[in-house]
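K.L.:
fold the stuff below for me.
(chains A and B, ligands or ions: 1)
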Amino acid sequence: MSQQTAIPEDQQQNKQREKRRQVVADLAPLLPKECLLHTDEALAPYECDGLSLYQSTPLAIALPYTVEQAQQVVRYCHQRQIPIVPRGAGTGLSGGALPHEEGILLSLARLNAILNIDPQARTCRVQPGVRNLAISEAVRPFGLYYAPDPSSQIACSIGGNIAENAGGVHCLKYGLTVHNVLEVTILNAEGELVTLGSEALDSAGYDLLALIIGSEGLLGIVVEIVVKLLPTPQQAKVLLAAFHTVEEAGDAVGQIIAAGIIPGGIEMMDKLSIEATENFVHAGYPLDAAAILLCELDGIDTEINETTGRVNEVLLKAGAYQIRVSENDQQRELFWAGRKAAFPAVGRISPDYYCMDGTIPRKQLASVLNQISERAAHHQLRVANVFHAGDGNLHPLILFDANQPDDLDRAHQLGNDILELCIAAGGTITGEHGVGIEKLGGMCSQFNDLELTQYHAIKAAFDEHGILNPGKAVPTLHRCAEFGHMHVHNGELPFPDLPRF
Amino acid sequence: MANCPSLIYLDSKRMKNDFDNSEQMQAQINEAIASKHALVIRGGRSKDFLGRKVGCTHLNTSAHRGVTKYEPGELILTARSGTPLQEIKSLLAEQGQMLAFEPPSFGAKATLGGTIACGLSGPRRPYAGSARDFVLGTKIINGKGEILKFGGEVMKNVAGYDVSRLMTGAYGTLGLLLEISLKIMPSPEQEATLVFDYSAEQAIKYVNQLASQPLPLSAACHFNNKLYLRLSGLTVSVNAACQELGGEVLSDAESFWEKFREQQLEQFQTDKSFWRISVPPTTAPLPLSGNTIIDWGGGLRWLASDEAPQTVRNTAQKAGGHATLFKNHDGFGEVFQPLEPAIKQLHINLKRAFDPHDILNPGRMYLDI
Ligand SMILES: Cc1cc2nc3c(=O)[nH]c(=O)nc-3n(C[C@H](O)[C@H](O)[C@H](O)COP(=O)(O)OP(=O)(O)OC[C@H]3O[C@@H](n4cnc5c(N)ncnc54)[C@H](O)[C@@H]3O)c2cc1C
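P.N.:
Residues are numbered from 1 along each chain as shown, chains lettered A, B, ... in the order given. Sure thing, here's the model as predicted:
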């Protein structure tokens, strides 16, 4: 419905080129030569993040070596009101780091120093570009580790983890990023350094640290972080249980928890993902199972022996027809290898896949999975399910082939259906991957206009002119009105008479 | 069908006092906006002593009560803000579960809303997490009189900014809490408390050493040259840890920790300014005169002292922490550590974003928010 008169394409391209020339000229004195990318070849690898369905090209890319250089870039963008999209390792799955065509992509990847390890205080101070796994590797000699372990941990950056409030397979017991970070220093929208949180266990005033975590680069650019470290458990064991039905597997999780045991991790995989991973990594998963559970127990030796016995009992009662317990670390890692390789494994059986990320109350699992297969059948697509079962976080992988005429469209439609199913089940559209550009429509379903307006007000409190990652995470009311999606929210149609501009 | 299991725990007898008072409270906020009168939010009044003194028109949450959802297998509980904390604790205890952040009540009438608004966590905090760590979702009324819902009743949720955790510890200055959803944890099978004769210095060192080992620590406090270490977990793990650590086993440990948490022990009784000083846990004993009680494995220092406020605050800040004038003050001066200018500005901006008319508890935390 926009009334814009169409500008001829070549004119538009010229305009864009002119803007790029200007921005590059302005930024050149602020950065070493190799820190400023602007040629087509140099920009190409940054067109998308882990979600390649969305692509665009920024005016330029800044890859500073130092916080001061990053600060210069932000100050410049602040002066000129140029959008900035922060980027870590680019493994995000919601298009959060998708470049802005009129903006600068600010990569924090080169700020990758581990600044300090304090084994006594169990903390580690790092720059945002440090890879998640690199922290645990660096502190291992002290018998410590950083708990949140997204499956992408060999690649993803801690800055990106903060921006997404990343989780992992161990978050039921050890929490998400928000539970494991003490302090974050940001560059605010004006380019000033502001420290939120502290090395004490709390800080005066509002919990701005909690607010910045999961804010997807919209409230500030993370340039330094202090994470909390935990003592490495003495031992860990994994039980691999096979079930004939998804229902039984789902119920088993609830029964383990009801028995008072919080496992280090509980993951579930359905038949299609079992098949895909088994053919890929040969972890020894039972191919005749409808679902398997991987349940990790950690602690001191005596404790593990006891909990293993108890969980074994619960699993048997819940209907597991086969249970294997890892006998050593090697076998434990093999059991996990399948789960950790689930995405690439699915990538091998289908030209493309699209990863969803809803969270639902766990007891709704069987019903939601059934509805997902119904919707998948309707759209004539296959779905493989992997599931952070302990905390209800579902990752349906929609298999499709982008080269087929309308596969992509159908994948999108199925994706939207799945988000709606999660909301209807009392859950949320995203458990850990973030909204980014991808789930803006879902946000219109999950929140009403007043709530979205409150989000925009929070954004404005940090970034008055909206230059930090604009257009992501929170949809405009205009978008929600235009693209419909004003579905039932909590059983009521919200504010049908509110103006939508 | 979906909500059936909760009914087992929420029988009609228990629910006889349940009442949804949100409409009335919303009306009161709208009226306050119209008449430009600030409101003082009150639950059970157990924490009137906390923070700065504010206005005189009260909004009472205590009629707005009831646990609306409790699902032990999902580790989730949702309750209205006026629900007595005690009621929630007993409900959980019946199912062998607990609020892992071990909130102090400071009085029998404490409500869940007040507990979360003040963001207070007890001795288990350094090992289990803080109040905000367990908050999953909230329903609030903002200062524009709008009822809004954030977060939810699931463990993982990154849709939208984390407003629910922002509400925790905001002392009602950003919104009136209507409902709160919390992550619940199973209670430990076994607990034991060991006592050691250690100086403050020794205790801080020792406790931090222990915390970097895989031990089932669940609390560590120190006063009068005694260190009290609590261990919680499976019986086998607690027994193994007790053997490894030695020390003397405390006999009435449960009541000790309750009195400690509620500040009912003799050591907490004082007429002097009573400070809550939060510092990095490895901080050596602070160079401040007065009587210190160490909590949170070194991370929290309760101090009864005649030192000038500025001295206490400077010392806390130098150590990388902050000081709150917790008890025994007139309520008109600074209670919380003054904020850095950039942080202060963010507070002011956020206050405006949630409560543009300055209706909700203005001045309770800081004069201008
Ligand atoms: C195979 C695979 C498995 C995955 N498994 C998991 C999983 O188990 N759990 C999970 O939570 N996620 C998972 N992810 C998603 C992804 O790895 C996480 O979201 C991760 O936190 C992103 O980090 P990144 O450094 O790649 O960030 P990017 O993708 O570069 O950016 C992500 C978002 O953060 C912002 N951002 C990045 N750096 C900063 C900064 N310094 N300051 C401010 N904003 C910043 C960006 O603007 C963007 O909005 C997986 C991804 C893949 C590809």
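K.L.:
for the closest residue to the ligand within the stretch 201-350 of chain A, give its distance to A:V178.
P.N.:
Ranked by CB to the nearest ligand atom, the top residue of the stretch 201-350 of chain A for proximity to the ligand is A:G217, at 3.0 Å. Where C-beta positions appear, they are placed from N, C-alpha and C, glycine not excepted. Distance of A:G217 to A:V178, computed by CB to CB, to the nearest Å: 16 Å.
K.L.:
more neighbours: which of the two?
P.N.:
Neighbours were counted for A:G217 and for A:V178 using other CB atoms under 10 Å in any protein chain shown; A:G217 has more, 30 against 23.
K.L.:
so what's the more buried one up against?
P.N.:
By CB atoms under 8 Å, 6 or more residues apart in numbering or on different chains, A:G217 lies in contact with A:V85, A:P86, A:G96, A:A97, A:A163, A:L468, A:N469, A:K472.
K.L.:
helix, strand, or coil at it?
P.N.:
Per DSSP: H, G, I helix; E, B strand; the rest coil, the secondary structure class of A:G217 is coil.
K.L.:
give me the residues contacting stretch B:307-325.
P.N.:
Stretch B:307-325 is contacted by residues A:198-200, A:203-204, B:273-280, B:283, B:286-290, B:303, B:305, B:333-338 when judged by CB under 8 Å, 6+ apart.
K.L.:
how about a cut-off of 7 Å?
P.N.:
A:198-200, A:203-204, B:273, B:275-280, B:283, B:286-290, B:305, B:335-337 (CB atoms under 7 Å, 6 or more residues apart in numbering or on different chains).
K.L.:
the domain parsing of the chain - what is it?
P.N.:
Here I'm looking at chain A. Using automatic domain parsing, the domain ranges for chain A come out as A:26-232, A:235-343, A:350-424, A:439-501.
K.L.:
that answer is for a different chain, and I need it for chain B
P.N.:
Split into domains by automatic domain parsing, chain B comes to B:12-186, B:189-327.
K.L.:
show me the residue at the heart of the chain, geometrically.
P.N.:
Chain wasn't specified; assuming chain A. In chain A, the centroid-proximal residue (CA atoms, centre = their mean) is A:H433; its distance is 2.3 Å.
K.L.:
look at chain B instead
P.N.:
B:L120 (1.6 Å).
K.L.:
so who does that residue touch?
P.N.:
Counting by CB under 7 Å, 6+ apart, B:L120 touches B:P103, B:P104, B:A131.
K.L.:
which one of the contacts of A:G217 is nearest to B:I348?
P.N.:
A:L468 (19.3 Å; CB to CB).
K.L.:
name the residues linked to the closest one by a beta bridge.
P.N.:
A:I84 (DSSP bridges).
K.L.:
mind listing which of the contacts of B:L120 are in helices?
P.N.:
Secondary structure from DSSP state H places B:A131 of these in helices.
K.L.:
can I get the contacts of B:L120 in CSV with pLDDT and neighbour count?
P.N.:
Listed next are the contacts of B:L120 as CSV, based on pLDDT from 0 to 100; neighbours: other CB atoms under 10 Å in any protein chain shown:
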residue, pLDDT, neighbour count
B:P103, 98, 26
B:P104, 98, 20
B:A131, 98, 27
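K.L.:
buried stuff in stretch B:103-114?
P.N.:
Judged by neighbour count (16 or more other CB atoms under 10 Å in any protein chain shown), stretch B:103-114 contains these buried residues: B:P103, B:P104, B:S105, B:F106, B:G107, B:A110, B:T111, B:L112, B:G113, B:G114.
K.L.:
show me the shaky parts of the stretch 1-150 of chain A.
P.N.:
Applying pLDDT under 70 to the stretch 1-150 of chain A picks out residues A:1-7.
K.L.:
low pLDDT regions in chain A?
P.N.:
Checking chain A against pLDDT under 70 turns up A:1-7, A:484-501.
K.L.:
kindly format the C-alpha coordinates of the helix or strand containing A:Q330 as CSV.
P.N.:
A:Q330 is located in helix A:329-340, with elements delineated by DSSP states H and E. Provided in CSV are the C-alpha atoms of helix A:329-340 (Å, rounded to 0.1, in the frame of the first residue of the first chain):
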residue,chain,number,x,y,z
ASP,A,329,33.9,-40.5,28.1
GLN,A,330,34.6,-41.7,24.6
GLN,A,331,31.3,-43.4,24.4
ARG,A,332,29.5,-40.4,26.1
GLU,A,333,30.9,-38.2,23.4
LEU,A,334,29.8,-40.6,20.7
PHE,A,335,26.3,-40.5,22.1
TRP,A,336,26.4,-36.7,22.0
ALA,A,337,28.1,-36.6,18.6
GLY,A,338,24.8,-37.6,16.9
ARG,A,339,22.8,-34.9,18.6
LYS,A,340,25.4,-32.3,18.0
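K.L.:
hmm, who's touching it?
P.N.:
Counting by CB under 7 Å, 6+ apart, A:151, A:236-238, A:240, A:267, A:269, A:277-278, A:281, A:283-285, A:294, A:326, A:386 sit against helix A:329-340.
K.L.:
inside strands: which ones of those?
P.N.:
Using DSSP state E, the members of the contacts of helix A:329-340 that fall within strands are A:A236, A:K237, A:V238, A:L240, A:E267, A:M269, A:L294, A:V386.
K.L.:
closest one of the residues you listed to B:N361?
P.N.:
Once CB to CB is applied, the member of those that ends up nearest B:N361 is A:E267, at 43.7 Å.
K.L.:
beta-bridge partners for the closest one, please?
P.N.:
Counting by DSSP bridges, A:E267 is bridged to A:L294.
K.L.:
please look at it and A:N393 and confirm they touch.
P.N.:
No: using CB atoms under 7 Å, A:E267 is not in contact with A:N393; the gap is 9.9 Å.
K.L.:
test my guess that A:L239 contacts A:I323.
P.N.:
Yes: A:L239 is within contact range of A:I323, at 6.0 Å (criterion: CB under 7 Å).
K.L.:
who has more neighbours out of those two?
P.N.:
Neighbours per residue (other CB under 10 Å) separate A:L239 from A:I323, with A:L239 holding more: 23 against 15.
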